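Peer 1: I'd like to go over a predicted model; first the sequence, then the structure.
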Amino acid sequence: MTADFKTKKNPTIHEVGPKEYKVYAERWWIMGTVLLLNLANFAHWIAFPAVAKKAAAYYGVSGEELDLIPTVSYAAGIPTCLIATYLIEARGLKTGIKIGAYLTGFGGLLCCLSTFPGLADSVPKYYQYWMAVIGQAATGLACPFISGVPTKISQHWFPDSQRTMATSLLGMSYPLGIVLGQGITPVLIQKPSDIPYMNIMFFIPAAIGTVLGIMLVKNNLPPSPPSASEEQREEEETRTKKMDYIHTLKAVWTNKAFVIMFLFLGGCMSFISCLATKMEQIMCSVGYSDELAGLACTTVIIVGAGGTVLFGVLAQKTGKIVEITKLCCFGAIVCVLVLSYLLLMPDVGIYILISGGFLGLFALGVFPLALELTVEATFPADQATVTCFIFFSSSVQGVFLMVIENWLGYPLPEKYKDIETCTIRHEGEALEGETEGGHLEPKDYTYYLLFVTIYLLILIIMYMFFFKTELRRTNAGSVRQPTRAVSFAKVDDKDIESLLHGGMTMVRVVSPRKRLVTC
């Protein structure tokens, strides 16, 4: 509406602009600490299955026994998720990060000492193996305390303009850790005797992250809120005291949108983790090398990291976060179908890399957006509680998908027995406990990949057709933004239209007849 009239007397203008919020440098230390801890945890976890043949030969165990290391690490996070959600909500962000830092440091140190050159010479290999299992279990216990806080950090510490970026970086630290573990480990660990150096290599970022978490993370919240939505959350918390843990659980689990996201996003995360864990075993059964298997997983993650930037910018420009995630779901299921088919065929390595790249783009590229969407759907519930439950779902479904492989793996067909690389011995590496033929058993993974594909298809259909939500956090931030106020006092000649600066400006004028006119 255009004001096409003049006031009788010319006004003086007093404008009240949007409120400015202050941000603090400590947010970067907190984000860097969580990034390092997540990278160390997931890189070391995936490093064992990335060089499964060499690790099994070094420890003198079978492939199934070696699978216990990543499986225990993944499963350890299941009960801890419930504890982590309560402690982070009750005691705050600082407590959660410090607990995660201590556990990560302890687990990494135990793995490092178990194979440390010189110290490990007097320790039997089988005891070294169990030290690695316990060490990885400790880092698995740490994961919910670290992986559950990205959205909480971005909400409490970052302004609206940086919130998506912060969530994207923190959310992608877990798949980027998989890149390091899956991509670099097969290149650097060329023989079983190199396994001690792998444990040292991944203990270094864990040690740095532990020191940062203990020394530099000092506050749960910044001195003042960085955004309108955070200010509203703090005001509501102050006014209503704090929602107790039971009420938080009730609010979250009666939210239909969250329940769907709990199943869908947790299932997608577990698929990526399971794919990274089993990739070498699947690919070596049809003749591919460790290096190609690592490159395939690395391609998935790197392209996915690029996708987070692309889809993050697109979501910020359009505001259509739900539509973007659903469109990517369609692309992801097509890529899963193609990749599952190609993984059963020899001599198609380049096509596996291409399809893996597209899978990363569609599946991982929207992962941070999906985390943001989960928080939007459950606002103002505690962000750490919501995110921890997503990782809880991922852990439960991931363990299920890993364990069921033992039931759905069938003997390898005769035509592949001459080309498989799972049982090739390492030249010049006669190790204690090594049996002729190696330690990994090649299998036919047709039924396993078919099961995983159908499983994902059901989850994606459920999300695409039944997930609906409003963007509660975004709407709360919009409501908090003050309108531009213009008051009028006596000055020279100016019409109302000349006072409008454009955009969504509200002008209220009391006419000489005392009538309120709103434009």
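Peer 2: Nice, I can see it.

Peer 1: part of a strand, is residue 193?
Peer 2: No - the assignment for residue 193 is helix, going by DSSP: H, G, I helix; E, B strand; the rest coil, so no strand is present there.

Peer 1: residues near it, how many?
Peer 2: By other CB atoms under 10 Å, 17 other residues sit near residue 193. For glycine as for every other residue, the C-beta is placed from the backbone atoms N, C-alpha and C.

Peer 1: pLDDT at it, what is it?
Peer 2: On pLDDT, residue 193 comes in at 85.

Peer 1: before we move on, what about residue 77?
Peer 2: The model's pLDDT for residue 77 equals 78.

Peer 1: wasn't it part of a helix?
Peer 2: Yes - judged by three-state DSSP, residue 77 forms part of a helix.

Peer 1: that one: what's it in contact with?
Peer 2: Listed by CB atoms under 8 Å, 6 or more residues apart in numbering, the contact partners of residue 77 are 140, 141, 143, 144, 147, 391, 392, 395.

Peer 1: so which of those residues belong to helices?
Peer 2: Counted as lying in helices by DSSP state H, out of those, are 140, 141, 143, 144, 147, 391, 392, 395.

Peer 1: please indicate which of the residues you listed are buried?
Peer 2: 140, 141, 143, 144, 147, 391, 392, 395 (16 or more other CB atoms under 10 Å).

Peer 1: got a markdown table for those, with pLDDT too?
Peer 2: What follows is these, written out as a markdown table (pLDDT from 0 to 100):
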| residue | pLDDT |
| --- | --- |
| 140 | 87 |
| 141 | 90 |
| 143 | 85 |
| 144 | 84 |
| 147 | 78 |
| 391 | 81 |
| 392 | 84 |
| 395 | 81 |
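
Peer 1: as JSON lines, these with distance to residue 353 would be great.
Peer 2: Formatted as JSON lines, these follow (distance: CB to CB, whole Å):
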{"residue": "140", "distance to residue 353": "30"}
{"residue": "141", "distance to residue 353": "35"}
{"residue": "143", "distance to residue 353": "29"}
{"residue": "144", "distance to residue 353": "33"}
{"residue": "147", "distance to residue 353": "28"}
{"residue": "391", "distance to residue 353": "29"}
{"residue": "392", "distance to residue 353": "32"}
{"residue": "395", "distance to residue 353": "29"}
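
Peer 1: pLDDT weak spots in this protein?
Peer 2: 1-19, 233-245, 424-440, 473-519 (pLDDT under 70).

Peer 1: nearest residue to the middle of it?
Peer 2: residue 171 (3.6 Å; CA atoms, centre = their mean).

Peer 1: are we agreed that that residue is in a helix?
Peer 2: Yes - assigned with three-state DSSP, residue 171 falls within a helix.

Peer 1: contacting residues around it?
Peer 2: Here residue 171 is in contact with 150, 308, 367, 368, 371 (CB under 8 Å, 6+ apart).

Peer 1: from memory the third one sits against residue 304, does it?
Peer 2: Yes - taking CB atoms under 8 Å as the contact criterion, residue 367 and residue 304 are neighbours in contact, 7.2 Å apart.

Peer 1: shared neighbours, the two?
Peer 2: 172, 175.

Peer 1: distance check, residue 421 against residue 280.
Peer 2: 10 Å (CB to CB, to the nearest Å).

Peer 1: again with residue 81
Peer 2: Computed as CB to CB, the residue 81 to residue 280 distance reads 28 Å.

Peer 1: neighbour-wise, which of the two wins?
Peer 2: residue 280 (28 against 25).

Peer 1: element containing that one?
Peer 2: helix 256-284 (DSSP states H and E).

Peer 1: list the helices and strands the helix or strand just after that helix packs on?
Peer 2: Counting by DSSP H and E, the next helix or strand C-terminal to helix 256-284 is helix 290-318. Based on contacts counted as 3 or more CB pairs under 8 Å, 6 or more residues apart in numbering; DSSP states H and E, the elements that helix 290-318 packs against are helix 26-50, helix 160-179, helix 185-188, helix 256-284, helix 321-342, helix 349-359, helix 367-378.

Peer 1: reformat the ones you listed as a markdown table; add distance to residue 201.
Peer 2: Shown next, in a markdown table, are the helices and strands packed on helix 290-318 (distance: least, CB to CB, whole Å):
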| stretch | distance to residue 201 |
| --- | --- |
| helix 26-50 | 8 |
| helix 160-179 | 13 |
| helix 185-188 | 7 |
| helix 256-284 | 18 |
| helix 321-342 | 29 |
| helix 349-359 | 25 |
| helix 367-378 | 26 |
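
Peer 1: from the ones in helices among the contacts of residue 77, which is closest to residue 63?
Peer 2: The shortest approach to residue 63 among the ones in helices among the contacts of residue 77 belongs to residue 140, at 20.1 Å (CB to CB).

Peer 1: which strand or helix spans the spatially closest residue to residue 44 that is not a sequence neighbour?
Peer 2: Closest residue to residue 44 apart from its sequence neighbours, by CB to CB, 6 or more residues apart in numbering: residue 202 at 3.9 Å. Using DSSP H and E, residue 202 sits within helix 195-215.

Peer 1: how far away from the center of its chain is that helix?
Peer 2: Computed by CA atoms, centre = their mean, to the nearest Å, the separation of helix 195-215 from the middle of its chain amounts to 20 Å.

Peer 1: backbone dihedrals for residue 411, please?
Peer 2: Dihedral pair for residue 411: phi -60, psi 150, per degrees, to the nearest 10.

Peer 1: and it, how many neighbours does it have?
Peer 2: 10.

Peer 1: list the residues that contact it.
Peer 2: 443, 444.

Peer 1: now with 7 Å, please.
Peer 2: residue 444 (CB atoms under 7 Å, 6 or more residues apart in numbering).

Peer 1: quick one: it from residue 288, how far?
Peer 2: 19 Å.

Peer 1: try residue 41
Peer 2: For residue 41, the distance to residue 288 - CB to CB - is 27 Å.

Peer 1: residue 405 and residue 279 touch, don't they?
Peer 2: No - Residue 405 is beyond contact range of residue 279, at 11.9 Å (criterion: CB atoms under 7 Å).

Peer 1: more neighbours: which of those two?
Peer 2: Ranked by neighbour count (other CB under 10 Å), residue 405 and residue 279 place residue 279 first, with 26 against 21.

Peer 1: contacting residues for the more buried one?
Peer 2: 293, 296, 297.

Peer 1: quick one: the second one from residue 320, how far?
Peer 2: Put plainly, it is residue 296. Taking CB to CB, one finds residue 296 at 32 Å from residue 320.

Peer 1: okay, these two: which has more neighbours?
Peer 2: Applying other CB under 10 Å to residue 296 and residue 320 shows that residue 296 carries more neighbours, namely 28 against 12.

Peer 1: how about the more buried one, what does it touch?
Peer 2: With CB under 7 Å, 6+ apart, residue 296 has these contacts: 279, 352, 353, 356.
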